[in-house]
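Asks: Build me a structure from this.
(chains A and B, ligands or ions: 2)
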Amino acid sequence: MAEYSPKVIDHYSNPRNVGSFGKDEDNVGTGIVGAPECGDVMKLQLKINDDGIVEDAKFKTFGCGSAIASSSYVTELVKGKSVAEVAQIKNSVIVEELSLPPVKIHCSVLAEDAIKAAVKDWQERHDAKTGAAAKPKDDTAAA
Amino acid sequence: MSVPKRIYMDNHATTPMDPRVLEAMLPYFREHFGNAASRNHAFGWEAETAVDQAREQIAEVIGGKAKEIIFLSGATESDNLAIKGVVEFYKDKGNHVITAATEHKAVLDTCKALERKKLATVTYLPVDQQGRVSADQVREAITDKTILISIMVANNEIGTIQPIAEIGKLAKEKGILFHTDATQGFGKLPLDVNELGVDLVSGTGHKIYGPKGCGFLWVRSKGPRVRLTAQMDGGGHERGMRSGTLNVPGIVGLGAAAQIAKAEMATESARVIALRDRLHRLITDELDEVYLNGHPTERLPGNLNLSFAYIEGESMLMGLNGSSHGDLPAIAVSSGSACTSATLEPSYVLKALGVGDELAHTSIRFGLGRFNTQEEVDYVAGRVVSEVKRLRELSPLYEMAKEGIDLKQYFAGVQH
Ligand SMILES: Cc1ncc(COP(=O)(O)O)c(C=O)c1O
Ligand code: FES
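Replies: Ligands and ions are numbered 1, 2, ... in the order given. Sure, this is the predicted structure:
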């Protein structure tokens, strides 16, 4: 185990936005990635408003200090961004911000996966809700 | 008294030197710096006398003879010499070695190297859930080609003590040589080579409050006389079994450490066991889902290996070891989590016990020793409890488990 960067220590000691949103809030997308056997599981939740902007985010993480820091940082990073922007976030941004060493890069990859999973979950709920209305639009776009 | 700035509870990795040991060593750096092999002057004689005294001191701890002690650089070299030395010397008798899956890498990788070079075939016995092998398992593994059994006294991660006397009896009955890596038990548990029926014993100074870089191999000289092929060629020191100028200050320190360990063994182990049990109790009084790894009673005095369900070991270490939380005292312990290892594989010892990977990732090893105090134990227990509570609040697994979700089922089929 190597030494940690000051930013990893800061997020580990004072994690931002820890917690969970209520289960039934339908404007929330939840991503749970990783597995206990691998030593890392992240839960990331994004609350997205009608304009498709991330209003709030929460996380819980089982994993090393770098994994906790990566997910904590992500909850700050996504706020105020559009769903489309958030879906584009790459793990390299996290690696750079937290100065993660090579052995900890997979912790940032997991955080990227968590964002994608949360967006996908929100998208599916959103489509289910607005299903009928959204469909013709998509068809037009495809044509 | 107040809590010190740093608390060392990793005494299986190494131990601080006892000041009495350091005192004994110092003259052998300064005025008595001679080469123990110099036969022609007082400098050499003084060194040789000191080395011979250390041989006596070590032999006394294990009930062997002084001349049966070979000094070398530590337990790693000792394991290598014992196993490679026997396999090479007795190659006309056979080539099969029996050992256990939870041995130290110094034994396992030595065996693997012999297999790679096609010098031996090796049976790695599985262990039970508490980390033990049985004499019956050994018996079943013996073939007419078996020349060596190598089973450790006690494990460095989980502290489990092996049934050495039973295996020794079997080895004698079958006429097979028996090596034991006694590194963790030497000076901490009563060991007698004749009662145990062992033929080769490995040990090292730095686990018994002595110096690093100095260890020994005890080699039985009678009933049977054990022969070895030297692994180091040169001036023929140590009856030809290990060439190289002797590390006189180190050997003096190893001897002094052994003598103190023997003299204080009974009181020290009672004290350390009481501290260890207190730590265990204080932690489990406050926290649920804490699991003991290893054997509940057949266990090294200072060893406490716990899995804290739902929190990953490295994140726990980070909360304890001074990397975070500003000015709080740093606590040195270790973990079997993959995230602490370069290979990202959880501890092979915990795996061999059948501890699931998910629990192996949450393990912390506390290693108590001579210089730990009750005050330190109470402080560490408090920090562990508050850190575990904090990290469980952060853990999605803890939340899911509390909601009644079956984690095994939930994560079944996840690729990893
Ligand atoms: C059981 C066991 N064997 C061998 C060794 C290696 O000892 P040394 O560091 O003296 O080479 C250790 C210490 O890490 C150990 O615990
Ligand atoms: S979660 Fe294992 S190294 Fe980060």
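Asks: Pass me the low-pLDDT residue ranges in chain A, would you?
Replies: Along chain A, segments meeting pLDDT under 70 span A:1-2, A:132-143.
Asks: Residue of chain B nearest ligand 2, please.
Replies: At 3.2 Å from ligand 2, B:Cys339 is the closest residue in chain B, using C-beta to the nearest ligand atom. C-beta coordinates here come from the backbone N, C-alpha and C atoms, glycine included.
Asks: show me what contacts that residue?
Replies: Contact analysis of B:Cys339 by C-beta atoms under 8 Å, 6 or more residues apart in numbering or on different chains lists A:Met1, A:Gly39, A:Asp40, A:Gly63, A:Cys64, B:Glu312, B:Gly313, B:Glu314, B:Ser315, B:His361.
Asks: ok, now B:Ala113?
Replies: Going by C-beta under 8 Å, 6+ apart, B:Ala113 touches B:Lys84.
Asks: Tell me which helix or strand it sits in.
Replies: Using DSSP states H and E, B:Ala113 sits in helix B:105-116.
Asks: Now do that helix: distance to the chain's middle.
Replies: In this view, helix B:105-116 has its centroid 17 Å away from the chain centroid, taken as C-alpha atoms, centre = their mean, to the nearest Å.
Asks: among the contacts of B:Cys339, which are in strands?
Replies: Assigned to strands by DSSP state E, the following of these qualify: A:Asp40.
Asks: neighbour-wise, which of the contacts of B:Cys339 leads?
Replies: B:Glu312 (33 neighbours; other C-beta atoms under 10 Å in any protein chain shown).
Asks: follow-up on the earlier one: touching ligand 1 at all, the helix holding B:Ala113?
Replies: Yes - Helix B:105-116 lies within reach of ligand 1 by C-beta under 6 Å from any ligand atom, at B:Ala106.
Asks: and the closest residue to A:Ser70 other than its chain neighbours, what does it touch?
Replies: Excluding the flanking residues, the one nearest A:Ser70 by C-beta to C-beta, 6 or more residues apart in numbering or on different chains is A:Ala111, at 4.0 Å. Residues near A:Ala111 by C-beta under 8 Å, 6+ apart: A:Met42, A:Leu44, A:Ala67, A:Ser70, A:Ser71, A:Tyr73, A:Val74, A:Asn91, A:Ile94.
Asks: just to revisit the earlier point, surely the residue of chain B closest to ligand 2 is in a strand?
Replies: No - using DSSP: H, G, I helix; E, B strand; the rest coil, the assignment for B:Cys339 is helix, not a strand.
Asks: Let me see the mean pLDDT of the helix or strand harbouring B:Tyr124.
Replies: Following DSSP H and E, one finds B:Tyr124 within strand B:121-125. The predicted model assigns strand B:121-125 a mean pLDDT of 98.
Asks: contacts for it?
Replies: In this structure, residues lying in contact with strand B:121-125 by C-beta under 8 Å, 6+ apart are B:95-101, B:108, B:111-112, B:114-115, B:133, B:137-138, B:141, B:145.
Asks: Please narrow the residues you listed to those residing in helices.
Replies: Using DSSP state H, B:Leu108, B:Cys111, B:Lys112, B:Leu114, B:Glu115, B:Gln137, B:Val138, B:Ala141 are the members of the contacts of strand B:121-125 that sit in helices.
Asks: From B:Thr123, how far out is the fifth one?
Replies: When you say that, I think you mean B:Glu115. B:Glu115 sits 11 Å away from B:Thr123, going by C-beta to C-beta, to the nearest Å.
Asks: With A:Asp56 instead?
Replies: For A:Asp56, the distance to B:Thr123 (C-beta to C-beta) stands at 59 Å.
Asks: And the strands in the stretch 51-200 of chain B?
Replies: Applying DSSP state E, counting those that start in this stretch to the stretch 51-200 of chain B gives strands spanning B:69-72, B:96-100, B:121-125, B:146-150, B:177-181, B:200-204.
Asks: Put together a markdown table for those, with mean neighbour count on each row.
Replies: A markdown table is the format used below for the strands of the stretch 51-200 of chain B (neighbours: other C-beta atoms under 10 Å in any protein chain shown):
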| stretch | mean neighbour count |
| --- | --- |
| strand B:69-72 | 26 |
| strand B:96-100 | 25 |
| strand B:121-125 | 18 |
| strand B:146-150 | 24 |
| strand B:177-181 | 29 |
| strand B:200-204 | 30 |
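Asks: Tabulate these in a markdown table, adding columns for distance to ligand 2.
Replies: Converted to a markdown table, the strands of the stretch 51-200 of chain B look like this (distance: least, C-beta to the nearest ligand atom, whole Å):
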| stretch | distance to ligand 2 |
| --- | --- |
| strand B:69-72 | 36 |
| strand B:96-100 | 28 |
| strand B:121-125 | 27 |
| strand B:146-150 | 33 |
| strand B:177-181 | 30 |
| strand B:200-204 | 31 |
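Asks: out of the ones you listed, nearest to ligand 1?
Replies: strand B:200-204 (3.3 Å).
Asks: Tell me where chain A has helices.
Replies: Taking DSSP H as the test, the helices found in chain A are A:6-13, A:65-78, A:83-87, A:91-98, A:105-142.
Asks: so can I have JSON lines of these showing distance to B:Arg6?
Replies: As requested, these are arranged in JSON lines below (distance: least, C-beta to C-beta, whole Å):
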{"stretch": "helix A:6-13", "distance to B:Arg6": "18"}
{"stretch": "helix A:65-78", "distance to B:Arg6": "19"}
{"stretch": "helix A:83-87", "distance to B:Arg6": "43"}
{"stretch": "helix A:91-98", "distance to B:Arg6": "27"}
{"stretch": "helix A:105-142", "distance to B:Arg6": "28"}
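Asks: Before I go, just wanted to say thanks for your time.
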